[in-house]
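Novice: quick one, what's the 3D model for this:
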Amino acid sequence: MKELSYLNKYLWKYKYHLALGLLFIIISNIFQIIPAQMVRYALNLVGDNILIYKSFQGVDLQDNMYEVFAASILIYALIILLMALLRGVFLFMVRQTIIVMSRLIEYDLKNEVYAHYQSLPLSFYRRNNTGDLMNRISEDVSKVRMYLGPSIMYGLNLITLFAMLIPYMLSINVTLTLYALIPLPILSVSIYYVNNIINKRSEEIQISQSGLSTFVQEAFSGIRVLKSFIREKDSINKFSAESNNYKNKSLRLTMVQALFFPLILALIGLSTVLTVYAGSAQVIEGTLTFGNIAEFIIYVNLLTWPVTSLGWISSIIQRAAASQKRLNEFLKTENEIVSTHNKIKVLDGKIVFDKVGFVYPDSGIRALDDISFEVNPGESLAVIGTTGSGKSTIANLISRMYDTTSGSIKIDDEDIKAYEVVNLRSQIGYVPQDVFLFSDTIFNNIAFGSQEFSEEKVLQAAKDADVYTNIMDFPEGFNTKVGERGITLSGGQKQRVSIARAISRDPKILMLDDSLSAVDMKTENTILNSMKKIMKGRSTIIISHRVSSAKLADKIIVLDDGKIVEKGTHDSLMDHDGVYKDLYEKQMTAEETLES
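Specialist: Got it, this is the predicted structure:
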């Protein structure tokens, strides 16, 4: 319950739903208890007067007595029917308050978790896999909702019904009450253990099903590879093994579930037998009536489900506590990327790296070591290096996805940490190396980069990224759906749409992280020529392993293993033998070979 105490703020928020739900539960239980009393009155009426009725056999008075009996029984029946209808109405109201409350809290909790996810830094997502994050916001929140809804509803019903009914039963007859209640604790404990076994085996099935789904998804995604290597039979055999494992786990669960209802019915039957046994002895002694026995049998049946639900409730609370603990771990994770002064301003675009070092917190890999450079407003800088040299880390630090381990970064002569994070990122256009497009239209994907966009701005961004013609060739033009992760577009088209998305927001700082790696030389040159216009008036960081992209920049730095090994302009670096010149010549030779 310590973990679930986090939800108290939501219970307080919806306290009126909870209070009304409790009131409706009490009223519905009153309408549940009264019919048993009506049954007692009806049976006693018949039992007490049946001999008198028979003694008037053949006399007109017997018919009059029959009419009185029939009218009285009808009245009792109508009262019982009315009570059932009223109970149904108030049970509906119970669900409209408590279950609705649980749904409202589920909505609030999911929004809170998702909003918190959005606020967490990039390092958080490197430490946690996507499936786990999705599971916590869906499965874990659903388990918590079961505690907030059914668990609270049935728990309050159990408490109020016991509080109302047990004292009343004891007031009628203590011995009969004790006999009637003997099997109920056994029933509750049995259900608790059986339910735990069911939950455990259900979770095993979920894990098995998840593995089966993952296997099938991977097989379908890699169907081309499967067919190319003629591994269909092997894939079928593996699927059969996974499917057989799922079948066996399902059969084990079915066996336990088959014991569930027989166990309940057996213990209910035992309770009924004990009630009749103890009641009959007292009827013979004259201390009880047949109506009392019937009344107690009804009470036993009334208590059966609440007592049965006690074990179920305990299991739900345990699962909800475990789920809420997982949620609390995330909700208590704080974002270390915070602003020191919440400075908000329109940037000029001056960038200064002063002896910057960075070690990835999750892996401990040193990505940058003593990096220093300066980019003035409107200037461009090319960062060249091989894979793993630390190029992309520079882009991550400028957009404050991470904070430096040592040294400092200044934007417009202010420490980058002083800026309000949203204000800073809103003025940076970033084209990532790993292009991600949403399952939406091309127009919306390009417009995604800007808070305020116009059709003219989107079209111009597409033209500047040299993707306008490709888009117009599609039957639906800019309204073309790109599919999941942009699957309907080629690699080059996706990169150019990503470039258009970055420049559509008219950023003060533009960062291209190896954004031309999936285009050919001709398209690259076309885009680079367009980029000359785009880069005017804004600071640009061109990150690439291709030296052809570097010629566009005012300055060039060459990285190797996180350190700057060369810096200067294209011409100055070509004037002496070094890493840049060697890389340039190798790439030019490779391109000439490809063209020939």
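
Novice: what's the span of stretch 374-394 from first residue to last?
Specialist: 13 Å (CA to CA, to the nearest Å).

Novice: contacts for stretch 370-380, please.
Specialist: Stretch 370-380 has contacts (CB atoms under 8 Å, 6 or more residues apart in numbering) with 348-357, 381, 390, 394, 407, 535-542, 552-555, 557, 562-564, 567. Every residue, glycine included, has its C-beta placed from N, CA and C.

Novice: which ones among the residues you listed map onto strands?
Specialist: Those of the contacts of stretch 370-380 mapping onto strands are 351-357, 381, 407, 539-542, 555, 557, 563-564, 567, per DSSP state E.

Novice: how about the helices in the stretch 101-250 of the chain?
Specialist: Along the stretch 101-250 of the chain, counting by DSSP state H, counting those that start in this stretch, helices occupy 122-127, 130-135, 141-146, 152-172, 174-181, 183-221, 223-228, 232-285.

Novice: just give me how far the third one sits from the chain centre.
Specialist: When distances are taken as CA atoms, centre = their mean, to the nearest Å, helix 141-146 is centred 11 Å away from the chain's centroid.

Novice: any idea of the mean pLDDT for it?
Specialist: For helix 141-146, the mean pLDDT works out to 88.

Novice: over to the last one?
Specialist: In this model, helix 232-285 has an average pLDDT of 81.

Novice: swap in stretch 9-21?
Specialist: pLDDT averaged over stretch 9-21 gives 93.

Novice: do the same with stretch 359-367
Specialist: 81.

Novice: between the two ends of it, how far is it?
Specialist: Terminal-residue distance, stretch 359-367 (CA to CA): 6 Å.

Novice: give the buried residues for it.
Specialist: Going by neighbour count (16 or more other CB atoms under 10 Å), the buried part of stretch 359-367 is Val359, Arg366, Ala367.

Novice: picking up where we left off before, which of the ones in strands among the contacts of stretch 370-380 are buried, as a PyMOL select command?
Specialist: Command for PyMOL, covering only those of those found buried under the criterion 16+ other CB under 10 Å:
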select buried, resi 351+352+353+356+381+407+539+540+541+542+555+557+564+567
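
Novice: ok, now which ones touch the residue most central in space within the chain?
Specialist: Central residue of the chain (CA atoms, centre = their mean): Ile137, 1.9 Å from the mean position. Neighbouring residues of Ile137 by CB under 8 Å, 6+ apart: Lys110, Val113, Tyr114, Tyr117.

Novice: now the last one: closest residue in space, sequence neighbours ignored.
Specialist: Spelled out, that is Tyr117. Spatial nearest neighbour of Tyr117, chain neighbours left out: Leu133 (6.7 Å); criterion: CB to CB, 6 or more residues apart in numbering.

Novice: so who does the nearest residue to Leu148 once chain neighbours are set aside touch?
Specialist: Excluding its sequence neighbours, the residue lying closest to Leu148 (CB to CB, 6+ apart) is Ser102, at 4.0 Å. By CB under 8 Å, 6+ apart, the residues touching Ser102 are Arg145, Met146, Leu148, Gly149, Pro150, Ile152.

Novice: can you give me the distance of Ser102 to Leu512?
Specialist: Applying CB to CB, to the nearest Å, the value for Ser102 to Leu512 is 48 Å.

Novice: likewise for Glu204?
Specialist: Distance, Glu204 to Leu512, by CB to CB: 49 Å.

Novice: between these two, who's got more neighbours?
Specialist: The neighbour count for Glu204 versus Leu512, taken as other CB atoms under 10 Å, is higher for Leu512 (31 against 17).

Novice: does that one belong to a helix or a strand, and which?
Specialist: strand 509-513 (DSSP states H and E).

Novice: for that strand, which strands pair with it and how are they oriented?
Specialist: Paired with strand 509-513 in the same sheet, following DSSP bridges, are strand 428-431 (parallel), strand 539-544 (parallel).

Novice: nearest approach to Ile264 belongs to which of those strands?
Specialist: Counting by CB to CB, Ile264 lies closest to strand 428-431 out of the strands paired with strand 509-513; the figure is 60.6 Å.

Novice: show me what secondary structure element comes after that closest one.
Specialist: Assignment by DSSP H and E places the next element after strand 428-431 at helix 442-447.

Novice: pull that next one out as PDB, backbone CA atoms only.
Specialist: Extracted in PDB, the C-alpha atoms of helix 442-447 (Å, rounded to 0.1, in the frame of the first residue of the first chain):
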ATOM      1  CA  ILE A 442       4.300  14.300 -46.300                       C
ATOM      2  CA  PHE A 443       2.900  17.800 -45.800                       C
ATOM      3  CA  ASN A 444       2.300  17.200 -42.100                       C
ATOM      4  CA  ASN A 445       5.800  15.700 -41.700                       C
ATOM      5  CA  ILE A 446       7.400  18.800 -43.100                       C
ATOM      6  CA  ALA A 447       5.100  21.100 -41.200                       C
END
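
Novice: I'd like the average pLDDT over it.
Specialist: Helix 442-447 comes out at a mean pLDDT of 86.

Novice: ditto for stretch 322-339
Specialist: The model assigns stretch 322-339 a mean pLDDT of 83.

Novice: could you tell me the end-to-end distance of that stretch?
Specialist: Span of stretch 322-339 from end to end, CA to CA: 34 Å.

Novice: stretch 282-291 now?
Specialist: Length of stretch 282-291, first residue to last, CA to CA: 12 Å.

Novice: run through the stretch 1-150 of the chain and note the low-pLDDT ranges.
Specialist: Residues of the stretch 1-150 of the chain that meet the criterion pLDDT under 70 lie in 1, 48-63, 65, 131.

Novice: quick one on the thing from earlier: any idea which of the helices of the stretch 101-250 of the chain is most buried?
Specialist: Scoring those by mean neighbour count under mean count of other CB atoms under 10 Å gives helix 141-146 as the most buried, with a mean of 21.
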